[in-house]
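Enquirer: Take this sequence and fold it.
(one chain, ligands or ions: 1)
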Amino acid sequence: MSSILIKNGVVINASGRARQDVLIEGDKIAAVGQSLTAPGAEMLDAEGCFVLPGFIDTHTHFGLEVGGAITADNFASGSKAAALGGTTCVLDFATQAPGGSLQQALQNWHAQAQGASCNYGFHMAIAHWDEDVRQELPTMVEQGVTSFKMYMVYDGLKVDDGQIYSALQETAKLDTLVGVHCENWEVLLRRIREVQLSGITGPEGHPLSRPNAVEAEAVARLMRIAELAQAPCYVVHLSTAEGLEEALRARARGQKVFLETCPQYLLLTDARYGDADGAKFVMSPPLRKAVDTEALWQALQSGQINTIGTDHCSFTMAQKNKFVQDFSKIPNGAAGVQHRGQLLYTYGVCEGRITLEQMVALLSANAAKLFGMPDYGEIAPGKAADVVIWDPAYEGCITDTNTAHNCDNSPYAGFIVKGRAKDVLLHGELAVQGGSFKQAGLGKYIHRSRCDFD
Ligand SMILES: [Zn+2]
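Expert: Below you'll find the predicted structure:
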């Protein structure tokens, strides 16, 4: 059994920090303490660095087809970009095909993820709800899929309120969770037509068609449906101050509500739709205003938001600009899986908005707990050796082309970033060393247990 000794670093967990060494034996953390020795172990010097539990991205779409366009990143490229950024595990959305079973979708995603360069688990996106799907839920749990997703929007994916209600009832019985994409589909379709009829057809029409209330109404509706179903629920990619308000109101009533936001809703605003490359920023929900980003930062600070996922769903500029004259047809989504850690460190920790401990909670620990991964999210004896050695001294700038993902653009191009994942261990093996890829293909499927809502 190979062993690695990480010396001289400062271990950061969600619960606190200490200057400690970390001994890894095989795929587990064997010991955490001061002045550890291990004859024969490979040494990694973490002087001046933080030692963090590997990051978990709660929201990626690798190899997804959206309206005839296939994302620029599949598992091979996306998982590599993830690992380079310190993300040791992605939770990707296996998506039920029209008329297909959940089992078929799961097999399809397992096949696609073979050979990935970071660990992975799956949420299962339920595109239609019926008795057959209900009967498949326990077999999903047996296979390590303990969270689901439902969309209030998109042809071929949208489910109705009654289906959400039934699914919430059934998933709650199994201690599993449904994440919901909250927007009002019927209203936004009409608004798209209104905006187009007013003569606005380019990317700047996108946020006009889906203003804050389109999300907030849907969040409020989900909250009441979950209340009626007596079930916990999870809002994916929360983007507005008003949506946050609705979710907090449900929490105040005593409901179990979990919230995810994304770096783009913390760092970018809808002013970008007027840029020459405005199509790049077409994603749903759309980018918002500074008042929203500020509300979301405050919610991170106060612990009201649980997780940060990227919603990495990358398309090339050619794929996007093909429809630059009709915003309603531009493939929705943007790249981000590589930069979540750097962005949160630079604009959260270095700017004094959150602590390093909060960063670890948001990037790793909270997701591990909520999504049934008790062996992850913490640097402690017995835990899985998914570890990031974070070098805070690094400084760089994101450009459209200096990224590891297989897409020719980044919504964060021009952003200065501080810190980077210097070394990344995947179950005890060095995937990234000195900021460069050392070994691809080390990713393994993470069989998740039931969700922990407490
Ligand atoms: Zn998504």
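Enquirer: Leaving out the residues flanking it, which one is nearest to R249?
Expert: Closest residue in space to R249, ignoring its immediate chain neighbours: M223 at 7.1 Å, by C-beta to C-beta, 6 or more residues apart in numbering. C-beta coordinates here come from the backbone N, C-alpha and C atoms, glycine included.
Enquirer: and for the one helix or strand that neighbour maps to, what are the contacting residues?
Expert: Taking DSSP states H and E as the criterion, M223 maps to helix 212-229. For helix 212-229, contacts defined as C-beta atoms under 8 Å, 6 or more residues apart in numbering pick out 152, 161, 164-166, 168-169, 172, 180, 182-184, 187-188, 191, 232-233, 235, 238-243, 245-247, 249-250, 253, 255, 257, 285, 288, 292.
Enquirer: Following the chain onward from the worst-scoring helix or strand of the chain on mean pLDDT, which element is next?
Expert: In the chain, the helix or strand scored least confidently by mean pLDDT, DSSP states H and E is strand 65-66, which has a mean of 84. Using DSSP H and E, the helix or strand that directly follows strand 65-66 along the chain is strand 69-70.
Enquirer: List the strands paired with that next one, with their directions.
Expert: According to DSSP bridges, strand 69-70 forms sheet pairs with strand 65-66 (antiparallel).
Enquirer: centre of the chain versus the partner strand, how much separation?
Expert: Strand 65-66 sits 18 Å away from the centroid of its parent chain (C-alpha atoms, centre = their mean, to the nearest Å).
Enquirer: Same question for stretch 302-320.
Expert: In terms of C-alpha atoms, centre = their mean, the centre of stretch 302-320 is set 7 Å apart from its chain centre.
Enquirer: same deal with stretch 155-163?
Expert: 22 Å.
Enquirer: Next: stretch 133-152.
Expert: 19 Å.
Enquirer: what's the span of that stretch, first residue to last?
Expert: 18 Å (C-alpha to C-alpha, to the nearest Å).
Enquirer: Kindly report the same for stretch 316-327.
Expert: 15 Å.
Enquirer: So this structure: which segments form each domain?
Expert: 3-52+383-396+415-437, 54-370 (automatic domain parsing).
Enquirer: Please work out which of these is packed deepest.
Expert: Per-stretch averages of neighbours, counted by mean count of other C-beta atoms under 10 Å, single out domain 54-370 among those, with a mean of 21.
Enquirer: Give the closest residue to I56 in space, chain neighbours not counted.
Expert: Per C-beta to C-beta, 6+ apart, closest to I56 is A367, 4.2 Å.
Enquirer: mind listing the helices for the stretch 51-200 of the chain?
Expert: Using DSSP state H, counting those that start in this stretch, the helices of the stretch 51-200 of the chain run over 75-84, 102-113, 131-142, 161-173, 185-197.
Enquirer: oh, I was asking about the stretch 301-450 of the chain
Expert: So, for the stretch 301-450 of the chain - with DSSP H, counting those that start in this stretch - the helices run 317-321, 340-344, 356-360, 366-370.
Enquirer: Which of these sits closest to T403?
Expert: Relative to T403, the nearest member of those by C-beta to C-beta is helix 340-344, separated by 11.1 Å.
Enquirer: List the contacts of that closest one.
Expert: With C-beta under 8 Å, 6+ apart as the criterion, helix 340-344 contacts 55, 57, 85-87, 263, 266-267, 308-310, 354, 359, 362-363, 388, 390, 398, 412, 415, 417-421.
Enquirer: can you check stretch 190-200 too?
Expert: 205, 208-211, 214, 326-328.
Enquirer: Kindly recompute the last result at 7 Å.
Expert: Stretch 190-200 has contacts (C-beta atoms under 7 Å, 6 or more residues apart in numbering) with 205, 208-209, 328.
Enquirer: which residues does T293 contact?
Expert: Residues in contact with T293 (C-beta under 7 Å, 6+ apart) are 265-267, 269.
Enquirer: of the residues you listed, closest to V22?
Expert: Ranked by distance to V22 (C-beta to C-beta), the contacts of T293 are led by L266 at 30.1 Å.
Enquirer: Just the element for that closest one, please.
Expert: helix 263-267.
Enquirer: Give me the distance from that helix to the chain's centre.
Expert: For helix 263-267, the distance to the chain centre is 12 Å (C-alpha atoms, centre = their mean).
Enquirer: Report all helices and strands that that helix contacts.
Expert: helix 290-301, helix 340-344 (3 or more C-beta pairs under 7 Å, 6 or more residues apart in numbering; DSSP states H and E).
Enquirer: Go through the ones you listed and name the closest to F122.
Expert: The nearest among the helices and strands packed on helix 263-267, by C-beta to C-beta, is helix 340-344 at 19.0 Å.
Enquirer: CA atoms only for the closest one, dumped as PDB, please.
Expert: Extracted in PDB, the C-alpha atoms of helix 340-344 (Å, rounded to 0.1, in the frame of the first residue of the first chain):
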ATOM      1  CA  ARG A 340     -15.200  27.500  -8.900                       C
ATOM      2  CA  GLY A 341     -12.500  27.200  -6.200                       C
ATOM      3  CA  GLN A 342     -10.400  30.000  -7.500                       C
ATOM      4  CA  LEU A 343     -13.300  32.400  -7.900                       C
ATOM      5  CA  LEU A 344     -14.700  31.700  -4.500                       C
END
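Enquirer: With that, I have no additional questions.
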